[in-house]
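Novice: need a 3D model of the following:
(chains A and B)
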2 protein chains.
Amino acid sequence: MKIHLLDLGSLVIDRSDVLWHIDVGTPVRFPVYGVYIDHPEGKLIFDTGYDLEHVKAVLPFELPEQTQQQTLPEQLKLCGTTPDEIDFYVNSHFHFDHVGGNKHLTNATLITSKLELRSLLVPEPFERLGYSDVAWYQRGVTKVRFVEGDYELAKGLTLFTTPGHTIAHVSLLAEPEGRKPMIFAGDAAYTQETLDREIIGGFHLDAVKSIEAIRRIKEMARRHDAEIFVSHEMEAWERWKHAPDFYGA
Amino acid sequence: MKIHLLDLGSLVIDRSDVLWHIDVGTPVRFPVYGVYIDHPEGKLIFDTGYDLEHVKAVLPFELPEQTQQQTLPEQLKLCGTTPDEIDFYVNSHFHFDHVGGNKHLTNATLITSKLELRSLLVPEPFERLGYSDVAWYQRGVTKVRFVEGDYELAKGLTLFTTPGHTIAHVSLLAEPEGRKPMIFAGDAAYTQETLDREIIGGFHLDAVKSIEAIRRIKEMARRHDAEIFVSHEMEAWERWKHAPDFYGA
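Specialist: You can find the predicted model right below:
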């Protein structure tokens, strides 16, 4: 399998939202990315970034920066494919900055949990902005396969549950050939500092479970000798290979 | 019964800690107060403020302002009593700014729940500062009566559970004669805006339960036609009667 990291633009939040209660009043710009995996069993995407028009309309204070090149279709084109050719997609969770490209994946099946979909549609009051991009989901039209708990998507590709940030957040363990396994943490770990200091983000549904999720990711990494890819850290992002380059073989 | 509000100083936190995610980077000074109730069945205190030396040592960034007059012994003296004469005390929860005067109440029995006491002693990582003042509790010395769930302390004085801010936070309904009932919300409602907008505070254990606690307080107020006394709002505080003045008869 080949694993491509797709550059889908950037946003700004407060550092106290990255690390709860730390450096209140300090804006930080962070990357938003997706993962395209070309696997012998099918083409899969994990997280699809944000819809620029949605953010401009609903959350303009997050100061979106997204060029035409930083959209899902353009990023897939770099990798030699198109949204139509994608078979499956998974969103670590349904916050607006992880689902923005879903609408392009018209032939693909969404793999998710009932709980996460229900929370998208009926959020807690403090989740309304996070779950504000609902246009991509159409009951009876969007193809959905529900899975609950840890789940092997394909050989060497395993979803594991990391709830807390949202009710049914999932992370992805990928084990490509000829390379150290990779864990895509999603928003269970925004940054390396999240992991090192075990400090949860300022956006969360369940603070206690968020701590447990950080620990589960670290434990998975130790058990599989995996490298952890955090979701929203510019410094880490700039160090990684970007599409059309890829990990694996 | 006579209900005295005791002025126990003030602290500074960010407005985003009062109203989660609102006005990040805006410091606000807020009052810290206790409630002394002289009841025919005994003398009771609800919340005891903060210990100035503790805050100076551990949380100096909350900029404590507390004169000698704004300590529990001095406030009780204003009301014609002393810490020794107090029979019972309740802390809405064990965060440092609600337990600072406990150490003076050497003859009184603490009424609390096992869960709250356990969390004080073994907090979640993000609760360490909140639960940092533990010196007042001495196992085997501090007199404790454990109660779980809603509990009538005395005629017209009822504790009711409002968890979320902490694991077993409680609020107090007081029904003095000749006056509208009073609800002391504790940190389940920092300000009137918390209640009106149903926005939880930025310090919490369980965000979902925190929302439910706000609604429970509003429902209790409606059912008992009660006035709600929020915990940390300067504007509201300045409107109320302060010790030695009192509510009730």
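Novice: how about the nearest residue to whatever residue of chain A ends up closest to chain B, chain neighbours excluded?
Specialist: Of all residues in chain A, residue A:25 sits closest to chain B, at 2.7 Å by Cβ to the nearest Cβ. The C-beta positions use only the backbone N, C-alpha and C, and glycine is treated the same way. Of all residues not flanking residue A:25 in the chain, residue B:25 sits nearest, at 2.7 Å (Cβ to Cβ, 6 or more residues apart in numbering or on different chains).
Novice: host element of the one you found?
Specialist: Using DSSP states H and E, residue B:25 is not contained in any helix or strand.
Novice: where does residue A:49 fall, phi/psi-wise?
Specialist: With angles defined as degrees, to the nearest 10, residue A:49 sits at phi 70, psi -160.
Novice: ok, residue A:207 next?
Specialist: Per-residue torsions, residue A:207: phi -60, psi -40 (degrees, to the nearest 10).
Novice: how about the contacts made by it?
Specialist: A:20, A:164, A:200, B:124, B:126, B:204, B:205, B:206, B:207 (Cβ atoms under 8 Å, 6 or more residues apart in numbering or on different chains).
Novice: is chain B within reach of stretch A:96-106?
Specialist: No - applying Cβ under 8 Å from any Cβ of the partner chain, one finds stretch A:96-106 separated from chain B by no less than 14.9 Å.
Novice: send me that stretch as CSV with only the CA atoms.
Specialist: What follows is stretch A:96-106, C-alpha atoms only, in CSV (Å, rounded to 0.1, in the frame of the first residue of the first chain):
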residue,chain,number,x,y,z
PHE,A,96,-16.1,20.4,9.9
ASP,A,97,-12.3,20.3,9.4
HIS,A,98,-12.3,16.5,8.8
VAL,A,99,-15.3,16.1,6.5
GLY,A,100,-15.1,19.0,4.1
GLY,A,101,-14.1,16.8,1.1
ASN,A,102,-16.7,14.0,1.8
LYS,A,103,-19.1,15.5,-0.7
HIS,A,104,-16.7,14.7,-3.6
LEU,A,105,-16.6,11.0,-2.8
THR,A,106,-19.8,10.1,-4.6
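Novice: contact residues of chain A facing chain B?
Specialist: By the rule Cβ under 8 Å from any Cβ, the part of chain A lying against chain B is A:14, A:16-17, A:20-21, A:24-25, A:124-126, A:198-200, A:202-208, A:211.
Novice: same question for stretch A:40-56: list its buried residues.
Specialist: Of the residues in stretch A:40-56, A:42-52, A:54-55 count as buried by neighbour count, 16 or more other Cβ atoms under 10 Å in any protein chain shown.
Novice: which neighbouring elements make contact with the helix or strand that contains residue A:117?
Specialist: Using DSSP H and E, residue A:117 sits within helix A:114-121. The helices and strands touching helix A:114-121, judged by 3 or more Cβ pairs under 8 Å, 6 or more residues apart in numbering or on different chains; DSSP states H and E, are strand A:144-146.
Novice: what's the closest of the contacts of residue A:207 to residue A:181?
Specialist: Nearest to residue A:181, judged by Cβ to Cβ, of these is residue A:164 at 22.6 Å.
Novice: that closest one and residue A:30, how far apart?
Specialist: Distance, residue A:164 to residue A:30, by Cβ to Cβ, to the nearest Å: 19 Å.
Novice: so what's residue A:116 up against?
Specialist: A:91, A:93, A:94, A:166, A:167, A:168, A:169.
Novice: among those, which two are most distant?
Specialist: Greatest spacing in those, by Cβ to Cβ: A:91 and A:167 (13.1 Å).
Novice: so which of those two has more stuff around it?
Specialist: For residue A:91 versus residue A:167, neighbours defined as other Cβ atoms under 10 Å in any protein chain shown are more numerous around residue A:91 (26 against 22).
Novice: I figured the more buried one hits residue A:100, correct?
Specialist: No - with contact defined as Cβ atoms under 8 Å, residue A:91 does not count as touching residue A:100 (9.9 Å).
Novice: so after the helix or strand where residue A:5 lies, what's the next helix or strand?
Specialist: Using DSSP H and E, residue A:5 maps to strand A:2-14. Sequence-wise, the next helix or strand beyond strand A:2-14 is helix A:15-18, with elements assigned using DSSP H and E.
Novice: who touches that following helix?
Specialist: Counting by Cβ under 8 Å, 6+ apart, A:22-28, A:30, A:190-191, A:193-194, A:201-203, A:232, B:16, B:21, B:24 sit against helix A:15-18.
Novice: out of those residues, which sit inside strands?
Specialist: The strands, defined by DSSP state E, take in A:27, A:28, A:30 from these.
Novice: quick one: buried ones out of those residues?
Specialist: Buried, going by 16+ other Cβ under 10 Å: A:28, A:30, out of the ones in strands among the contacts of helix A:15-18.
Novice: can you give me the strands in chain A?
Specialist: Going by DSSP E, chain A shows strands at A:2-14, A:27-39, A:42-46, A:88-90, A:109-112, A:144-146, A:151-154, A:157-161, A:170-174, A:182-186, A:227-230, A:247-248.
Novice: residue B:186: which of these is closest?
Specialist: strand A:2-14 (27.3 Å).
Novice: mind listing what's buried in that closest one?
Specialist: A:2, A:3, A:4, A:5, A:6, A:7, A:8, A:9, A:10, A:11, A:13, A:14.
Novice: now do the residue lying closest to the second one once chain neighbours are set aside, the pLDDT please.
Specialist: I take that to be residue A:3. Of all residues not flanking residue A:3 in the chain, residue A:247 sits nearest, at 4.3 Å (Cβ to Cβ, 6+ apart). As predicted, residue A:247 sits at a pLDDT of 97.
Novice: am I right that residue A:247 is in contact with residue A:227?
Specialist: No - using Cβ under 8 Å, residue A:247 makes no contact with residue A:227, being 9.4 Å away.
Novice: give me the common contacts of those two.
Specialist: Residues touching both residue A:247 and residue A:227 by Cβ under 8 Å, 6+ apart: residue A:182.
Novice: in terms of neighbours, single out the busier of the two.
Specialist: Higher neighbour count among residue A:247 and residue A:227: residue A:247, with 21 against 13, using other Cβ under 10 Å.
Novice: distance of that one relative to residue A:184?
Specialist: 11 Å.
Novice: go on, residue A:55?
Specialist: According to Cβ to Cβ, residue A:55 and residue A:184 sit 22 Å apart.
Novice: any regions of chain A where pLDDT drops low?
Specialist: Nowhere does chain A drop to pLDDT under 70.
Novice: cool, thanks, talk later.
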